[in-house]
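Q: Predicted coordinates and the sequence they were generated for:
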Amino acid sequence: MFSPEYEKRILKHCSPVARNLFDNIELSTTPTSLDRFIPCRAHNNWQTCYASINKSNDNSPQTSKKQRDCGETARDSLAYSCLLKNELLGSAIDDVKTAGEERNENSYTPAAKRSLFKYQSPTKQDYNGECPYSLSPVSAKSQKLLRSPRKATRKISRIPFKVLDAPELQDDFYLNLVDWSSQNVLAVGLGSCVYLWSACTSQVTRLCDLSPDSNTVTSVSWNERGNTVAVGTHHGYVTVWDVAANKQINKLNGHSARVGALAWNSDILSSGSRDRWIIQRDTRTPQLQSERRLAGHRQEVCGLKWSPDNQYLASGGNDNRLYVWNQHSVNPVQSYTEHMAAVKAIAWSPHHHGLLASGGGTADRCIRFWNTLTGQPMQCVDTGSQVCNLAWSKHSSELVSTHGYSQNQILVWKYPSLTQVAKLTGHSYRVLYLALSPDGEAIVTGAGDETLRFWNVFSKARSQKENKSVLNLFANIR
């Protein structure tokens, strides 16, 4: 229908691949007696040839920061590099994984003493059976490279999906005024009142008001079932409330100063106070009959967390001490003294049995990890600012930390590599309060700027590479 010359002109105009193909066909039909040699760049080992160039800046903090800001990953950079090699140098790379392995092997190869370019007469190039009718601007190998399967990258929004006003939310590092129940209800202590906010209906109700007693709320904590909330006060007593009936069901005395930390273990409530005592009580029985006092801290107790198996209680204090207690002794079974400031941020890993994370205050700024099975310290990372709270993801080996002086940021970490997954900013004061949603996907943070901000930071899908500890006997009980 068309003459061969006309068809050739149309294909060269529409398809870059065809243009290159026909150009080389014409080149191969011309006489090979040329007056000069043209450097051939194909199939050169460029990393070896350029070994004399300093590549140390590739891993510089500026480069890493730029990649994080642009959302660029190491795999993205490698894929782009392979695409350039295919199109510019005629390489035949069709899998990023294979290219990455070759790159690692070549990184240990000494530079060879040879010329940078090889000189030869132009020859006909093999285009791997490319179709001249292809409209793609890249070669067939590059198309296969771009279609190669890759792990989907998780995008964490830098903007909170909800912001609530929280007037009279205290800017006090030693208090714990926010908690999220398993029934998807948020409890917040504001001044002398405790308010409940339903995440399902967005309805706000006032649970209690301590102003007639000239008292203020210093801590709140839900039980595991989410039907009872404990409220610590500045005067030292703890009230227990039935949320459904909106009724106080118990009042626990015993502390002589404010109660800044609370932790539930079934019906056992542990409370930590400025009077340095930790008191454990069964909320179902009359007071004093089941009271258990733990002495160890020399200053205010500001952090309390039970382990996932409910066997151990971790406590942190303003004396820079981190203690681990069991249910059979009134003395700590483990003591960690490496922190250089108050230890409020405490979190047990739900994925690694016996793994405990803790964070220090302004003079410390470090998140430390401890193996409570052996009593040995593990990793440590300097965050650069005061660590206020820690929380592990329910579905993957990640954790989130909130910070105060001087950056007021929220950081998401990957464990055990301790690489920073995301950095979230928005609060203008120290991010003193943190709670995890019952589905494990969102967090809420509170600060002295009197706002509560809700963020989607964790993936809901369980990690396929999650490590299971063979020492976790409780995970095998059916």
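A: Cool, got the structure.
Q: After the lowest-mean-pLDDT helix or strand in the chain, which helix or strand is next?
A: Lowest mean confidence among the helices and strands of the chain (mean pLDDT, DSSP states H and E): helix 61-70, at a mean of 50. Moving toward the C-terminus from helix 61-70, the next helix or strand (DSSP states H and E) is helix 74-89.
Q: Export that following helix to PDB, keeping only CA atoms.
A: Extracted in PDB, the C-alpha atoms of helix 74-89 (Å, rounded to 0.1, in the frame of the first residue of the first chain):
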ATOM      1  CA  ALA A  74      17.200   4.100  47.300                       C
ATOM      2  CA  ARG A  75      15.200   1.800  44.900                       C
ATOM      3  CA  ASP A  76      13.900   4.800  43.000                       C
ATOM      4  CA  SER A  77      17.400   6.100  42.500                       C
ATOM      5  CA  LEU A  78      18.600   2.700  41.300                       C
ATOM      6  CA  ALA A  79      15.800   2.300  38.900                       C
ATOM      7  CA  TYR A  80      16.400   5.700  37.400                       C
ATOM      8  CA  SER A  81      20.100   4.900  37.100                       C
ATOM      9  CA  CYS A  82      19.300   1.600  35.300                       C
ATOM     10  CA  LEU A  83      16.900   3.400  32.900                       C
ATOM     11  CA  LEU A  84      19.600   5.900  32.000                       C
ATOM     12  CA  LYS A  85      22.100   3.100  31.400                       C
ATOM     13  CA  ASN A  86      19.700   1.300  29.100                       C
ATOM     14  CA  GLU A  87      18.900   4.400  27.000                       C
ATOM     15  CA  LEU A  88      22.200   6.100  26.900                       C
ATOM     16  CA  LEU A  89      24.700   3.300  27.100                       C
END
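Q: can you tell me the average pLDDT over that helix?
A: Average pLDDT, helix 74-89: 78.
Q: Enumerate the positions of stretch 275-294 that are buried.
A: 275-281, 283, 294 (16 or more other Cβ atoms under 10 Å). Where you see a C-beta, it was placed from the backbone N, CA and C, and this is true even at glycine.
Q: so which two of these are the farthest from each other?
A: 276 and 283 (22.5 Å; Cβ to Cβ).
Q: which ones are touching the nearest residue to residue 382 once chain neighbours are set aside?
A: Once flanking residues are discounted, residue 382 sits nearest to residue 366: 5.3 Å by Cβ to Cβ, 6 or more residues apart in numbering. Counting by Cβ atoms under 8 Å, 6 or more residues apart in numbering, residue 366 touches 339-340, 359-360, 380-383, 387.
Q: Just the buried residues of the residues you listed.
A: Taking 16+ other Cβ under 10 Å as the criterion, what is buried in the contacts of residue 366 is 339, 359-360, 381, 383, 387.
Q: Point out the ones among the buried residues of stretch 275-294 that are inside strands.
A: In strands, defined here by DSSP state E, the members of the buried residues of stretch 275-294 are 277-281, 294.
Q: Would you convert these into CSV that also reports pLDDT?
A: What follows is those, written out as CSV (pLDDT from 0 to 100):
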residue, pLDDT
277, 97
278, 97
279, 96
280, 95
281, 94
294, 96
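Q: quick one: which of those is nearest to residue 269?
A: Checking those against residue 269 by Cβ to Cβ gives residue 281 as the nearest, at 5.7 Å.
Q: Look up which residues are beta-bridged to the residue nearest the centre of the chain.
A: Closest residue to the average C-alpha location of the chain: residue 412 at 2.7 Å, with Cα atoms, centre = their mean. Residue 412 has the following beta-bridge partners by DSSP bridges: residue 400, residue 422.
Q: Please renumber the chain so that the first residue is 47 from this point on.
A: Yes, from this point I'll number from 47; that puts the last item at residue 458.
Q: My guess is it contacts residue 467. True?
A: Yes. Using Cβ atoms under 8 Å, residue 458 is in contact with residue 467, at 4.2 Å.
Q: count of neighbours near the residue nearest to residue 222 when sequence neighbours are not counted?
A: In space, and not counting its chain neighbours, residue 222 is closest to residue 265: 4.5 Å by Cβ to Cβ, 6+ apart. Using other Cβ atoms under 10 Å, residue 265 has 27 neighbouring residues.
Q: and what of residue 290?
A: Residue 290, neighbours per other Cβ under 10 Å, totals 9.
Q: repeat for residue 467
A: Counted with other Cβ under 10 Å, residues neighbouring residue 467 total 17.
Q: Please tell me I have it right and residue 191 contacts residue 125.
A: Yes. Look at residue 191 against residue 125 with Cβ under 8 Å: they come within range, at 7.0 Å.
Q: Mutual contacts of those two, please.
A: residue 142.
Q: Would you mind telling me which of the two has the busier surroundings?
A: Counted by other Cβ under 10 Å, residue 191 and residue 125 do not tie: residue 191 has more neighbours, with 22 against 19.
Q: Roughly how far does that one sit from residue 182?
A: Distance from residue 191 to residue 182, counting by Cβ to Cβ, to the nearest Å: 12 Å.
Q: cool, residue 241 as well?
A: From residue 241 to residue 182 the distance is 59 Å (Cβ to Cβ).
Q: between these two, which one's more packed in?
A: Just comparing residue 241 and residue 182: by other Cβ under 10 Å the higher neighbour count belongs to residue 241, 17 against 14.
Q: doesn't residue 253 make contact with that one?
A: Yes. At 6.8 Å, residue 241 counts as touching residue 253 under the criterion of Cβ under 8 Å.
Q: nearest to residue 138, of the ones in strands among the buried residues of stretch 321-340?
A: residue 324 (66.7 Å).
Q: Check which helix or strand residue 187 maps to.
A: Using DSSP H and E, the element containing residue 187 is helix 186-193.
Q: elements contacting the next helix or strand after that helix?
A: Once helix 186-193 ends, the next helix or strand along the chain (criterion: DSSP H and E) is strand 208-211. For strand 208-211, the packing partners by 3 or more Cβ pairs under 8 Å, 6 or more residues apart in numbering; DSSP states H and E come out as strand 497-502.
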